[in-house]
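S.K.: fold the following.
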Amino acid sequence: YAVAMERLREGLEIPTEESVNLAQERLGGELVPPSQSKNYEGYVTNLQAGDKIELTINAPVGGLYEVWLDYRVEEQTFLNPELSFEINDTTQFNEMNALTLPLQWQQAHEESAIQFDRYGDQLQVRSELAGEWDQQPLKDPNHFFADPLKFELAEGENTLSFELIEGAILLGDIIIKNTQRSILSYEEYLVVHEGASKQNDQQLLTIETENPVTKSRRSIRGQYLRNPALSPYDYQTRLLNVLDGASFSEPGDQVSYVLTVEESGFYQITFKYLQNMNNGMPARRRIELNGEVPFEELSTYFFDYSNKWIHETLSDDEGNAFLFYLEEGQHTLSLVIDSTLVAAPYHELLALLAKMDGIGAEVVRLTGGLVDRQRAWGAETSLAEILDGLNAQREVLIDLLGNEKLPILTELAVAIAMVESFYEQPDTLPHYLTRFNQGYSSAYGRIQSVLPTLIASPLSMDRIFIHDANVELPRERVGIFTTALESVKAFAYTF
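M.R.: Predicted coordinates:
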């Protein structure tokens, strides 16, 4: 993150030229001919865990480049391929020590993929690797940046070294290039589709979310909840009827669904969801159609905290529903978790924690744990910087999340008050270090507890509706009498 910010300030050149390295031009790994390359047009390199390759690639112009890989994950591994990467024997930033390549899991195609136990309860659907060639850039493994990572290359020849830490892959071409990522605003999106036919036939397409067509982790799974308002539902058996939010919560997680539109036109998209975890935080998702974010407002979309199942029609800040132009035929709808919006406050809070550690270590070094109330510690300047930083990041998070009563903001407020007391009486630091940076209840511990809450983003989903504005959607919840009746029926069935 620090390197990215420094490069942003320096304004290094981002060339438009590109260069390609072929498998037969590199050292290391096992060279595989086209006849055995599993449908790749050319030679490939077979890499197993521990294998290293080295190659020379020519940068037409010095500057920042993205590195793209053609690869295929071998079926014998269930691990995300992880590799380390050096340029001219140098690691330019920490993330280069553990870069990951995304996997795609899909529901097994056999009819036996959906199975039931002897009581008629549905078992988890079996998943298998997609097993296809893919071209992907090297990206931030922590998912703080949606765009590919950029690496500094000198003009002319550069030596690139890769080591596969875990997994097994076939590696095709390696390309250095830069992609232009320009996303329209919603207003621009509507202008592009101005004059397109309107959809007024009250069509309603429904997607059951418990079994995505593809997913980024095998452990993303469906879940059974006994609730007659959810679909599918049967009082006699347990059917998977929601996407488990606890399993779909980590940065980098992605699920995709296929929908078939019978008539071209404008549609709205509504999610039936539940978000009752993560201390009241809203869930964030990047919404993609056919692999692209249709307009900027969907780069990060917030689903507010709710302890009840509710409908969320994708809308702007004023509640006006977005319209999506969908042509007749198949489309892919994807939801992706990234941490782009929280990257800045997350790293700023980490830097403030490092400063607090430094103050605490210095006090212990000077005092040996003994208290001297007559001694001036000169910590006021550092404490003032920490106070200013904490207040600034709390304001950033209030603006971002829109609710200053969230538990994480309350924790930050308490931490600020504790640091402020030390700023006003710095001579108390040696005696009360446990309140400053030692233990969960210290100012340090309270700030630290905020970080995982910022990153996590659980979201449970029942169904997705693609519909015309005039369509009446199914009810979000059923009445108390229906719930009671279904409970009685389920209880009677146990006898």
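S.K.: low-scoring stretches of the chain, by residue?
M.R.: 1, 8, 109-113, 197-202, 368-378, 486, 490-491, 493-495 (pLDDT under 70).
S.K.: in it, which helix has the most residues?
M.R.: helix 343-367 (DSSP state H).
S.K.: name the residues of that one that are buried.
M.R.: Neighbour counts using 16 or more other CB atoms under 10 Å place 343, 345-349, 352-353, 356, 359-360, 363, 367 of helix 343-367 among the buried residues. To be clear about C-beta, it is placed using only N, CA and C from the backbone, and glycine gets the same treatment.
S.K.: cool, stretch 288-301 as well?
M.R.: 288, 289, 293, 294, 295, 297, 298, 299, 300, 301.
S.K.: that one: how far from the chain's middle?
M.R.: In terms of CA atoms, centre = their mean, to the nearest Å, the centre of stretch 288-301 is found 14 Å from the chain centre.
S.K.: still on that earlier bit, now, the buried residues of stretch 288-301 that are in strands?
M.R.: Residues from the buried residues of stretch 288-301 lying in strands, with DSSP state E as the criterion: 288, 289, 301.
S.K.: what sits against residue 127?
M.R.: Residue 127 makes contact with 105, 106, 107, 108, 215, 218 under the criterion CB atoms under 8 Å, 6 or more residues apart in numbering.
S.K.: and the gap between it and residue 39?
M.R.: Per CB to CB, to the nearest Å, residue 127 is found 22 Å from residue 39.
S.K.: just the CA atoms of stretch 298-316, as CSV, please.
M.R.: Extracted in CSV, the C-alpha atoms of stretch 298-316 (Å, rounded to 0.1, in the frame of the first residue of the first chain):
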residue,chain,number,x,y,z
LEU,A,298,-21.7,-0.6,-8.8
SER,A,299,-18.0,-0.7,-8.2
THR,A,300,-18.8,-1.0,-4.5
TYR,A,301,-22.4,-1.3,-3.5
PHE,A,302,-23.5,-1.4,0.1
PHE,A,303,-26.2,-3.7,1.5
ASP,A,304,-27.3,-2.3,4.9
TYR,A,305,-27.3,-4.3,8.1
SER,A,306,-30.6,-6.0,8.5
ASN,A,307,-31.6,-8.8,11.0
LYS,A,308,-34.6,-9.6,8.8
TRP,A,309,-34.9,-10.8,5.2
ILE,A,310,-35.5,-7.8,3.0
HIS,A,311,-35.5,-6.8,-0.6
GLU,A,312,-32.8,-4.5,-2.0
THR,A,313,-33.4,-3.1,-5.5
LEU,A,314,-30.1,-1.8,-6.8
SER,A,315,-30.6,2.0,-6.5
ASP,A,316,-28.8,5.3,-6.2
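S.K.: can you list contacts of that stretch?
M.R.: Residues contacting stretch 298-316 (CB under 8 Å, 6+ apart): 146, 183, 186, 227, 229-230, 268-276, 280-288, 293, 297, 321-322, 338, 340-341, 459, 462, 465, 473, 476-477.
S.K.: what do you get for stretch 254-261?
M.R.: For stretch 254-261, the external contacting residues (CB under 8 Å, 6+ apart) are 102, 205, 207, 209, 212-216, 220, 243, 248, 267, 326-337, 464, 466.
S.K.: pull out the buried positions in that stretch.
M.R.: 254, 255, 256, 257, 259, 261.
S.K.: which of the buried residues of stretch 288-301 sit farthest apart?
M.R.: 289 and 300 (15.6 Å; CB to CB).
S.K.: coming back round to it: helices - which of the contacts of stretch 298-316 land there?
M.R.: Per DSSP H, the contacts of stretch 298-316 map to helices at residue 186.
S.K.: list the ones among the contacts of stretch 298-316 that fall in strands.
M.R.: 268-275, 283-288, 462, 465.
S.K.: ok, the contacts of residue 127 vs residue 488, which is closest?
M.R.: residue 107 (34.8 Å).
S.K.: so who does that closest one touch?
M.R.: Per CB under 8 Å, 6+ apart, neighbours of residue 107: 113, 125, 126, 127, 211, 212, 213.
S.K.: what segments of the stretch 151-300 of the chain are helices?
M.R.: Here the stretch 151-300 of the chain has its helices, by DSSP state H, counting those that start in this stretch, at 186-192.
S.K.: hang on, isn't residue 288 packed against residue 334?
M.R.: Yes - counting by CB atoms under 8 Å, residue 288 does reach residue 334; the two are 4.2 Å apart.
S.K.: so how far is stretch 221-228 off the chain centroid?
M.R.: With CA atoms, centre = their mean, you get 24 Å for stretch 221-228.
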